[in-house]
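A.B. asks: here's my sequence, what's the structure:
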Amino acid sequence: MWELVKAGGWPMVPLLLLGVLALAIVLERFWSLRRNEVLPPGLGQEVRNWAARGKLDASHIESLRANSPLGALLAAALEARNRPRDQIRERIEDTGRHLVHRMGRYLNALGTIASAGPLLGLLGTVIGMIQMFLGILDHGVGDVNQLAGGIGKALVCTATGMIVAIPALMFHRYFRARVDGYVIEMEHEAGALLDTLDGRPAVMAAAKSAPQAAAVAKA
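C.D. replies: Numbering: from 1, shown residues only. This is a model prediction of the structure:
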């Protein structure tokens, strides 16, 4: 293994570093994007029960926000619960954008590794081929077997770049799909909470009085 690393030359160093970084990102994202951490089971129903009973206070909402990304989204809706539905939805969408960015942390770096790996590997191969042909120019072809071995060593960087890039690309797509799936489920839970809030008399009265207040202000 060490002989292959030496054969690839200095471009093998950044390739190996990228491989270690990609592995660290994959492990961290697997841990952070566990389903129970993002969408705790039963949390949406529990929050809807709170809203239906009207038992909502600042401590409940703060604990909910710290619970999980889903909790943070539902807490944003509850903070604006006495506003019209469109304003609550705007708050949910704004919070959702921040949560998507947080759940997608490090995925751009993983995608960059997937793109840079083959290029670095190709660079190492090109450098190795240039060195080999310069040697042929100075000393002649010599042993054909030695020439074939030199070409094989030069291709080590290309192979290493592919080994780093292919898993990085696969996991990048996988985590993107997982985040998208979580977002859809979180939107569903937020919509269900909106329907519950719309059914509360205080919220309905506030929603009805908002257009009347606007009309009075215009008059």
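A.B. asks: report the residue spans of the chain with pLDDT below the cut-off.
C.D. replies: Across the chain, the ranges flagged by pLDDT under 70 are 1-9, 55, 135-150, 152-153, 200-219.
A.B. asks: mind listing the helices for it?
C.D. replies: 2-8, 12-32, 35-38, 43-53, 58-65, 69-79, 85-103, 107-139, 144-154, 156-198, 201-218 (DSSP state H).
A.B. asks: pick the most buried one from those.
C.D. replies: Neighbour counts (mean count of other Cβ atoms under 10 Å) averaged over each of the helices of the chain peak at helix 69-79, with a mean of 22. Any C-beta I mention is one placed from the backbone N, CA and C, and that applies to glycine too.
A.B. asks: just the angle between that one and helix 58-65, please?
C.D. replies: Using axes from the mean of the first three to the mean of the last three Cα atoms, to 10 degrees, the inter-axis angle of helix 69-79 relative to helix 58-65 is 150 degrees.
A.B. asks: show me what helix 69-79 is packed up against.
C.D. replies: Contact partners of helix 69-79 among helices and strands, from 3 or more Cβ pairs under 8 Å, 6 or more residues apart in numbering; DSSP states H and E: helix 43-53, helix 58-65, helix 85-103, helix 156-198.
A.B. asks: as TSV, those with distance to Ile127 would be great.
C.D. replies: Conversion of these to TSV gives the following (distance: least, Cβ to Cβ, whole Å):
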stretch	distance to Ile127
helix 43-53	54
helix 58-65	52
helix 85-103	38
helix 156-198	8
